[in-house]
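# got a predicted structure plus its sequence, pasted below:
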Amino acid sequence: MSNAPESTQPDDWHRWFAVECNNRAWTLTARVQKQEDQQDMLDAAHASAYHWAAVGTELNRMRALMLLAHVHALVGHGQRALSYARDMHGYFTGRQTPDWERAFAHAILAQAAHAAGDADTHARAYGAARSALEAIADPEDRKIVEETFALVPQP
């Protein structure tokens, strides 16, 4: 964990907890196959979303929805994952956004659609994710997205 704020201002603490919980949840996505990590991952993602709702920008809140869609899909909560994914996907594909973030939005929509049993959306989003992934300019950004995309079953 990073150093906690020295401030006594609630907003500073909300930001700190939002970041810490976000990072914890994303770390746990790599080990989701461990049953004991699933609840911790869900709790961390929801805590991050809660704290971003208190002090974050719209972008922060949409990134929190992206994380919620991802973790709910990973644990098999398909309908909830797809609901979160549709909201964040509309946000990220409806405006200028970095190439890596667009690829994430497509990949996580594909993952959520698969978890929800929506084969058509899964196939469309998977194809869009693959194309968007290939268009990522920075190799380090591409590597990060590829790690998440590898968790998405092929149609």
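Looks like it arrived, so ask away.

# so what's the residue count around residue 36?
Using other CB atoms under 10 Å, residue 36 has 7 other residues around it. C-beta: built from backbone N, CA, C; applies to glycine.

# buried ones in the helix or strand hosting it?
Assessed by DSSP states H and E, residue 36 sits inside helix 35-55. In terms of neighbour count (16 or more other CB atoms under 10 Å), helix 35-55 has its buried residues at 37-38, 41-42, 44-49, 51-52, 55.

# C-alpha coordinates for whichever helix or strand comes after it, CSV please?
For helix 35-55, the succeeding helix or strand toward the C-terminus, using DSSP H and E, is helix 58-74. The C-alpha trace of helix 58-74 is given here as CSV (Å, rounded to 0.1, in the frame of the first residue of the first chain):
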residue,chain,number,x,y,z
GLU,A,58,-16.9,10.9,-14.6
LEU,A,59,-13.9,9.2,-16.0
ASN,A,60,-13.0,7.7,-12.6
ARG,A,61,-16.5,6.4,-12.2
MET,A,62,-16.5,4.8,-15.6
ARG,A,63,-13.2,3.1,-15.0
ALA,A,64,-14.7,1.8,-11.7
LEU,A,65,-17.6,0.4,-13.7
MET,A,66,-15.1,-1.2,-16.1
LEU,A,67,-13.4,-2.9,-13.1
LEU,A,68,-16.8,-4.0,-11.7
ALA,A,69,-17.8,-5.5,-15.0
HIS,A,70,-14.5,-7.4,-15.2
VAL,A,71,-14.6,-8.8,-11.7
HIS,A,72,-18.3,-9.8,-11.9
ALA,A,73,-17.6,-11.6,-15.2
LEU,A,74,-14.6,-13.4,-13.7
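
# residue 96: which of the buried residues of helix 35-55 is nearest?
Nearest to residue 96 among the buried residues of helix 35-55: residue 52, at 21.0 Å, using CB to CB.

# list the contacts for that closest one?
18, 22, 60, 61, 63, 64 (CB atoms under 8 Å, 6 or more residues apart in numbering).

# re the thing from before, report the angle between the helix holding residue 36 and helix 58-74.
160 degrees (axes from the mean of the first three to the mean of the last three CA atoms, to 10 degrees).

# need the residue closest to the centroid of this structure.
Geometric centre of the chain, nearest residue: residue 67, 2.5 Å, by CA atoms, centre = their mean.
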